[in-house]
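Novice: just a sequence and a predicted model for now, questions to come.
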2 protein chains.
Amino acid sequence: MPTIKDVAEKAGVTVTTVSRVLNNRGYISELTRKKVKLAMEELNYQPNEIARSLSRKRSMMLGMIIPTIAHPFFSEMANAIENYAFSFGYKLLICNSRLEQTKEKEYIDMLKSNRVDGVIMGSHTLEIEEYFNLKKPIITFDRKIADIPYVSSDNYQGGRLAAELLIKKGCTSIAHICGDLSLDLLSNKRTEGFIDTLRRHHIEPVILQLETDSFDRSSYSSIFNSLFDNYTKFDGIFASSDIVAMNIIKYASARNISIPKDLKLIGYDDIAFAELSNPALTTIKQPIEEMSKLAVELLDKQINGEIVANEHTLPVTLIERAST
Amino acid sequence: MPTIKDVAEKAGVTVTTVSRVLNNRGYISELTRKKVKLAMEELNYQPNEIARSLSRKRSMMLGMIIPTIAHPFFSEMANAIENYAFSFGYKLLICNSRLEQTKEKEYIDMLKSNRVDGVIMGSHTLEIEEYFNLKKPIITFDRKIADIPYVSSDNYQGGRLAAELLIKKGCTSIAHICGDLSLDLLSNKRTEGFIDTLRRHHIEPVILQLETDSFDRSSYSSIFNSLFDNYTKFDGIFASSDIVAMNIIKYASARNISIPKDLKLIGYDDIAFAELSNPALTTIKQPIEEMSKLAVELLDKQINGEIVANEHTLPVTLIERAST
């Protein structure tokens, strides 16, 4: 493998000059720059990024800590983030916390010692102090931690839109299935917006909290059974994720409850599968592309020493499909 | 942030000794080792992994090049690979090629200069030479490139199982929807196994090739329309991915073709959504966990200088659900 010395010899310049060209430092004439670049090409020289990052104090890597990349919301977001990060010259390290405090902590330690340039944080099991210990630029999703900048969609508005649609469709007996409301997450505002709006129309929804938001229907079985066994008269349900909504379609179908005839159903996120579900799912679309782009931009600005605003809330959209 | 010098002072040893402890090199007494470790703990010293990787010639990072992490097969695989990689101490860089040659090439160059320790290759747009240029341990998925070790599931067997089930269910007019058969992919053996088995039963299937395997139904519309308009008599379809099969459910449903009554449908992969689809999808399960574990193990062995076998084919399983 050719070294920086080989490049210097071939170009007839000093090693320091090659290093300056590589790092864009100091004055270099255009002619010298061209000679060095040509020598690098001819030798197929690959600058050692690790060594360069040491001198630049940059690794050009971002870490993304999420519960699991197997969840379609996070995999679609990671896809968009990787794409924007790539356009900024960053590579993306994926860290699945599996919502285990120990793994999330271990990853934060690893990111610290591995010198990523910044962290995108979409996992939420640890206390605030652990994040501050990172001592590097952070962007969080859907969580407000002191003055760490966050990107979020307008969760309250999403809840309001869902409530208004169910009311418009004539629903009067309404349930809402959401995550653990005791967690300090901005996504809980979906529930707030939903309840507030229904109450203004004198409807009191039944609220059911799930521990996890997963594909594993067995983990929901007691809650879903109680929903369909004890309250068979529901004519509207708002689920706080598309996956949970798709689980409800299966439960309803097994009980011969017809969607949308007997029951109107709204999901949240607008993952790609929402359209493929049968019936196609009405949902509140989070602007995944825009949120991802903004997250990368805000992180890059912080890495470059700029100060950015803390709160970044993007609008959501109601996507009406066959389930309502 | 404490430095290696601070640790040395606190432990009352030289910097060289601390460095030896960090890198497990040279003779160090147990007592000295303990003193150094204690000093590191007390100072909350984070060794600079970048600097260490320079001396060890290891970055403890793996690169994974795939078409897109937004596709559930790859996101489930990345999830499993990240988990096994973590247990080996590796972090995972995610690289979406989007099946564009230029982006795949750019990523390979980046991985070269960034010194990942090894690459897991699940994208297939480039010519063989580009992979060899990487000059580092590689594992491929579903593609046989000279003597680069690969991990694959038994695609031929998967096609055979699908054909046998459709025959057992009494199907006589059968279609198969697959990817581009001109690409040199082991997954094309699904089609081979399917056709061979049907022919032994004197059934000649109609074969339709798709350009992409995506969520975007509009990209399939002409092929699906021709399928349902020109050959309405099909009673069995084998799709070479679950996503394509879920698209077929939507098309069939829009045409009031009842699955499984009028049409038996089999997918491939067994992504988490296969069970959630409505009706739940019969499919050929690829052992994603086992394939991922094996890929990480084989890569780690190569990184440690071991020679590994080239061909690693794992068995598939038929998962019967409501769509047949």
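Specialist: Thanks, I have it. Numbering: from 1, shown residues only, chains lettered A, B, ... in the order given.
Novice: could you look up the next helix or strand downstream of the worst-scoring helix or strand of chain A on mean pLDDT?
Specialist: Every helix and strand in chain A was compared by mean pLDDT, DSSP states H and E; the lowest is helix A:49-56, with a mean of 56. The helix or strand immediately downstream of helix A:49-56 is strand A:61-66, counting by DSSP states H and E.
Novice: can you list contacts of that following strand?
Specialist: Around strand A:61-66, the neighbours that count as contacts under Cβ atoms under 8 Å, 6 or more residues apart in numbering or on different chains are A:74, A:77-78, A:81, A:85, A:90-97, A:104, A:107-108, A:111, A:114, A:116-123, A:296, A:299, B:93. From N, CA and C alone the C-beta is placed, and that goes for glycine too.
Novice: residues near A:Ser226, how many?
Specialist: Look at A:Ser226: counted by other Cβ atoms under 10 Å in any protein chain shown, it has 11 neighbours.
Novice: same question, A:Cys171
Specialist: Applying other Cβ under 10 Å, I find that A:Cys171 has 22 neighbouring residues.
Novice: bridge partners for the closest residue in space to it that isn't next to it in sequence, pull those for me.
Specialist: Leaving aside its chain neighbours, A:Cys171 sits nearest to A:Gly236 (3.1 Å; criterion: Cβ to Cβ, 6 or more residues apart in numbering or on different chains). On the basis of DSSP bridges, A:Gly236 is bridged to A:Ile174, A:Lys264.
Novice: so where's chain A uncertain?
Specialist: A:1, A:24-26, A:47-57, A:113-114, A:124-129, A:213-217, A:231-232 (pLDDT under 70).
Novice: thought A:Gly122 was touching A:Phe74?
Specialist: Yes: counting by Cβ atoms under 8 Å, A:Gly122 does reach A:Phe74; the two are 6.6 Å apart.
Novice: ok, these two, which is more surrounded?
Specialist: Taking neighbours as other Cβ under 10 Å, A:Gly122 and A:Phe74 compare with A:Phe74 leading, 25 against 22.
Novice: for the nearest residue to A:Ala280 once chain neighbours are set aside, helix, strand, or coil?
Specialist: Computed as Cβ to Cβ, 6+ apart, the closest residue to A:Ala280 that is not its neighbour in sequence is A:Arg321, at 3.9 Å. Secondary structure assignment for A:Arg321 (DSSP: H, G, I helix; E, B strand; the rest coil): coil.
Novice: A:Arg321 - how many residues pack around it?
Specialist: There are 18 residues near A:Arg321, going by other Cβ under 10 Å.
Novice: any idea how far it lies from A:Leu276?
Specialist: Per Cβ to Cβ, to the nearest Å, A:Arg321 is found 11 Å from A:Leu276.
Novice: list the buried residues in the helix or strand encompassing A:Glu289.
Specialist: Taking DSSP H and E as the definition, one finds A:Glu289 inside helix A:288-303. Within helix A:288-303, the residues that qualify as buried are A:288, A:291-300, A:302-303, counting by 16 or more other Cβ atoms under 10 Å in any protein chain shown.
Novice: now do that helix against strand A:61-66, angle only.
Specialist: Counting by axes from the mean of the first three to the mean of the last three Cα atoms, to 10 degrees, helix A:288-303 points 130 degrees away from the direction of strand A:61-66.
Novice: what lies in contact with helix A:288-303?
Specialist: By Cβ under 8 Å, 6+ apart, helix A:288-303 touches A:58, A:62, A:73, A:76-77, A:80-81, A:83-85, A:88, A:90, A:117-120, A:137-139, A:141, A:149, A:151-153, A:308, A:312, A:314.
Novice: at 6 Å instead, please
Specialist: Residues outside helix A:288-303 that contact it (Cβ atoms under 6 Å, 6 or more residues apart in numbering or on different chains): A:76-77, A:80-81, A:84-85, A:88, A:117-118, A:120, A:137, A:139, A:149, A:151, A:308, A:312, A:314.
Novice: chain center to that helix, what's the gap?
Specialist: Its chain's C-alpha centre and that of helix A:288-303 lie 11 Å apart, by Cα atoms, centre = their mean, to the nearest Å.
Novice: partner strands of the next helix or strand after it, with direction?
Specialist: Next in sequence after helix A:288-303, counting helices and strands by DSSP H and E, comes strand A:311-314. Counting by DSSP bridges, the strands paired with strand A:311-314 are strand A:150-153 (parallel).
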